[in-house]
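**Q** Here's a sequence, model it:
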Amino acid sequence: MKNRWFVVLGALIIQVSLGAVYIWSVFQTPLLTHFPTWKETQVTLPAQIILACFALAVILAGRIQDKIGPRPVAIAGGLMLGSGLILARFTAGFAPGPALVWLIITYSVIGGLGIGAAYVCPIATCVKWFPDKRGLITGLAVAGFGAGAFFFAPLAKALITGGPYQLFGKSLFSLPQVGLFNTFMVLGIIFLITITLGALLLKNPEPGYCPAGWKPPAQTAAASKLKVDFSPADMFRTWQFWLLWGIYLTGCAAGLMIIMKASPIWQSFALSNLTSGLDSATFNRIASAGALAVSILAIFNSLGRIVWGKVSDAAGRKNTLIAMFLLCGLTMLAFNTLKPYSLFLIGISLVGLCFGGFLAVFPAVTADYFGTRHYGANYGWMFSAYGVGGLLGPYLAAALMKTQAIVKIREIRDAQEETVRSLLVGDYRRAFVVAGILCLVSTAVLLLLKKPEVSKEK
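**A** All right, here's what the predicted structure looks like:
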């Protein structure tokens, strides 16, 4: 490949599509309206399982793409994600119990495995093409994943309810109302096409590739005694892997708690002081503000991947991780005080910025500490922390939530009240505190981190 930046273009196309996994909070309230017997923990379950399947697939796909190359694996991932979302369209035909099972099988399991298969390929490929800019390029490679929600959250909302596609509150064009479940199908078709196109640009460099004008840094005598490329089994025998895995889990749990619950958290903040019901138009404005918050969060999630990746190249991975976990922990501890909309946006932006940084710096530190020969498999195992964090974070938000109020929403048409529906308003402060403490503990533990001191293989 004459220009290695074409690989980055393919990576961004794929990752923007995959990043739509972060728009689940836009679907949560419509799903609770359609299935009023579902509880908070039930409507959260598909979001938890898709993240777990995502992480599991990264492990499997990482090993496969190490052997057969990134392109066929990424295409397979796109086909799976698209098919899972298209099949999720038929959830409407089931009773509440079977509907949840069907949604989990299609959206969460099939879709999540597809996301994981496609996700690891751009990262592993870009790391090999850019040994000279590892932190920056891993940030760019996953930046699209964070940005996906910026484009697709307002698209999903507009397709569900009908009306304008809005970015930053500005209407760009109108979309027809296709409804909640047809929106899954429309997104599935889009992702199937875009991921396949992006995968066609992925190709590994020749073994031993070095960019023009760049030379690998000279090793010191001490560094020459370190193991260059760890197999997964070798990596598991180092305490550094388990320390990194544990702190990655806590960062992902905190970030995904906010990302997957951003819209309902804002609704709970906006409705917390309400003493009576409200009309549907007012609630729709609150819901639109929630969708906008998801988009803004996505921008900072994406920006954090580039900024922190670049910072880690200059300041070092360890120092960058310490700064991110400290900032994220303090923000989580203060989150319940950020109820005015402007402060809420600042809070989710800071969490998104740090979370994006985790997704950029951990791929780079995995390559730094354990080499690139087995990178797909090694980062797959490291990324399993994301899957556990994806289960833990949204679960904590749902399980530790206390019901604060039940608000009646009146549907008024032609000056006549037609229907009344109930909306549960939650209090998430306990979950925020737990996540904040975990991040601060990770900050302290990171002070112990150093490269593995393992004798080089003969």
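**Q** who are the neighbours in contact with residue 382?
**A** Applying Cβ atoms under 8 Å, 6 or more residues apart in numbering to residue 382 gives the contacts 241, 244-245, 248, 362, 366. Quick note: C-beta positions are derived from backbone N, CA and C, even for glycine.
**Q** ok, now residue 321?
**A** 247, 312, 361, 365, 446, 449.
**Q** for residue 293, same thing?
**A** Residue 293 neighbours (Cβ under 8 Å, 6+ apart): 262-263, 266, 344-345, 348.
**Q** By neighbour count, which of those wins?
**A** Using other Cβ atoms under 10 Å as the neighbour test, the contacts of residue 293 are led by residue 262, with 30 neighbours.
**Q** which SS state does residue 209 fall under?
**A** Under DSSP: H, G, I helix; E, B strand; the rest coil, residue 209 falls in the coil class.
**Q** Determine the longest helix present in the protein.
**A** Scanning the chain for the helix with the most residues, using DSSP state H, yields helix 280-315.
**Q** so where is the chain shaky, pLDDT-wise?
**A** Within the chain, the segments meeting pLDDT under 70 span 1-2, 146, 217-227, 274-277, 279-280, 404-405, 410-424, 454-458.
**Q** And the strands in it, which stretches?
**A** 163-167, 170-175, 278-279, 402-413, 416-427 (DSSP state E).
**Q** Give me the distance from the first one to the chain's centre.
**A** Translated: strand 163-167. Offset of strand 163-167 from its chain centre (Cα atoms, centre = their mean, to the nearest Å): 23 Å.
**Q** still on that earlier bit, mark which of the contacts of residue 293 are part of helices, please.
**A** Among the contacts of residue 293, the members found in helices (DSSP H) are 262-263, 266, 344-345, 348.
**Q** can you pull the contacts of the nearest residue to residue 150 once chain neighbours are set aside?
**A** Among residues not flanking residue 150 along the chain, residue 298 sits closest, at 3.7 Å (Cβ to Cβ, 6 or more residues apart in numbering). Residue 298 makes contact with 19, 22, 146-151, 153, 352, according to Cβ under 8 Å, 6+ apart.
**Q** For residue 298, give its distance to residue 125.
**A** Shown here: residue 298 relative to residue 125, a distance of 24 Å by Cβ to Cβ, to the nearest Å.
**Q** where does the longest helix of the chain sit relative to the chain's centre, distance-wise?
**A** 11 Å.
**Q** Tell me which two in the contacts of residue 298 are the farthest apart.
**A** Maximum pairwise distance among these (Cβ to Cβ): 15.1 Å, between 151 and 352.
**Q** Between those two, which is the more surrounded one?
**A** More neighbours surround residue 352 than the other of residue 151 and residue 352, with 28 against 19 (other Cβ under 10 Å).
**Q** pretty sure the more buried one contacts residue 255?
**A** Yes: if you go by Cβ atoms under 8 Å, residue 352 and residue 255 touch, sitting 7.3 Å apart.
**Q** Show the end-to-end separation of stretch 197-205, please.
**A** Across stretch 197-205, the terminal residues are separated by 19 Å (Cα to Cα, to the nearest Å).
**Q** who's in contact with it?
**A** Contacts for stretch 197-205 (Cβ under 8 Å, 6+ apart): 1, 4, 6-7, 9-14, 17, 69-71, 74-75, 78, 118, 121-122, 125, 128-129.
**Q** that older thread, just send the contacts of residue 293 back as JSON lines, with distance to residue 290 too.
**A** Below are the contacts of residue 293 laid out as JSON lines (distance: Cβ to Cβ, whole Å):
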{"residue": "262", "distance to residue 290": "7"}
{"residue": "263", "distance to residue 290": "4"}
{"residue": "266", "distance to residue 290": "4"}
{"residue": "344", "distance to residue 290": "10"}
{"residue": "345", "distance to residue 290": "11"}
{"residue": "348", "distance to residue 290": "10"}
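**Q** just those now: which is nearest residue 328?
**A** Nearest to residue 328 among these is residue 348, at 11.6 Å by Cβ to Cβ.
**Q** contacting residues around that closest one?
**A** Residue 348 makes contact with 258, 262, 293, 296-297, 300, according to Cβ under 8 Å, 6+ apart.
**Q** Over to residue 381?
**A** 59, 232, 235-236, 241, 245.
**Q** Same check on residue 209?
**A** Residue 209 touches 128-129, counting by Cβ under 8 Å, 6+ apart.
**Q** And it, how close does it get to residue 198?
**A** As judged by Cβ to Cβ, residue 209 and residue 198 stand 21 Å apart.
**Q** What of residue 134?
**A** For residue 134, the distance to residue 198 equals 21 Å [Cβ to Cβ].
**Q** So between those two, which is more surrounded?
**A** Remark: of residue 134 and residue 198, residue 198 carries more neighbours, 27 against 21, as counted by other Cβ under 10 Å.
**Q** Show me where the stretch 1-150 of the chain has its helices.
**A** Per DSSP state H, counting those that start in this stretch, the stretch 1-150 of the chain carries helices over the ranges 5-18, 24-34, 40-68, 70-88, 96-103, 111-129, 134-161.
**Q** Need the winner for burial among these.
**A** helix 111-129 (a mean of 28; mean count of other Cβ atoms under 10 Å).
**Q** Alpha carbons of it, as PDB, please.
**A** Output of helix 111-129 as PDB, limited to C-alpha atoms (Å, rounded to 0.1, in the frame of the first residue of the first chain):
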ATOM      1  CA  GLY A 111     -24.700  -7.600  16.900                       C
ATOM      2  CA  GLY A 112     -22.100  -7.500  19.700                       C
ATOM      3  CA  LEU A 113     -20.100 -10.300  18.200                       C
ATOM      4  CA  GLY A 114     -20.100  -8.500  14.900                       C
ATOM      5  CA  ILE A 115     -18.900  -5.200  16.600                       C
ATOM      6  CA  GLY A 116     -16.000  -7.000  18.300                       C
ATOM      7  CA  ALA A 117     -15.000  -8.800  15.100                       C
ATOM      8  CA  ALA A 118     -14.800  -5.600  13.200                       C
ATOM      9  CA  TYR A 119     -13.400  -3.400  16.000                       C
ATOM     10  CA  VAL A 120     -10.100  -5.200  16.600                       C
ATOM     11  CA  CYS A 121      -9.000  -5.200  12.900                       C
ATOM     12  CA  PRO A 122      -8.500  -1.500  12.400                       C
ATOM     13  CA  ILE A 123      -6.600  -1.100  15.600                       C
ATOM     14  CA  ALA A 124      -4.300  -4.000  15.000                       C
ATOM     15  CA  THR A 125      -3.600  -2.900  11.400                       C
ATOM     16  CA  CYS A 126      -2.900   0.700  12.300                       C
ATOM     17  CA  VAL A 127      -0.500  -0.200  15.100                       C
ATOM     18  CA  LYS A 128       1.600  -2.100  12.600                       C
ATOM     19  CA  TRP A 129       1.600   0.700  10.000                       C
END
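**Q** which ones are touching the closest residue to residue 384 other than its chain neighbours?
**A** The shortest distance from residue 384 to any non-neighbouring residue, by Cβ to Cβ, 6+ apart, is to residue 55 (5.0 Å). By Cβ under 8 Å, 6+ apart, the contact list for residue 55 reads 116, 383-388, 390.
**Q** swap the cut-off to 6 Å and go again
**A** 383-384, 386-387 (Cβ atoms under 6 Å, 6 or more residues apart in numbering).
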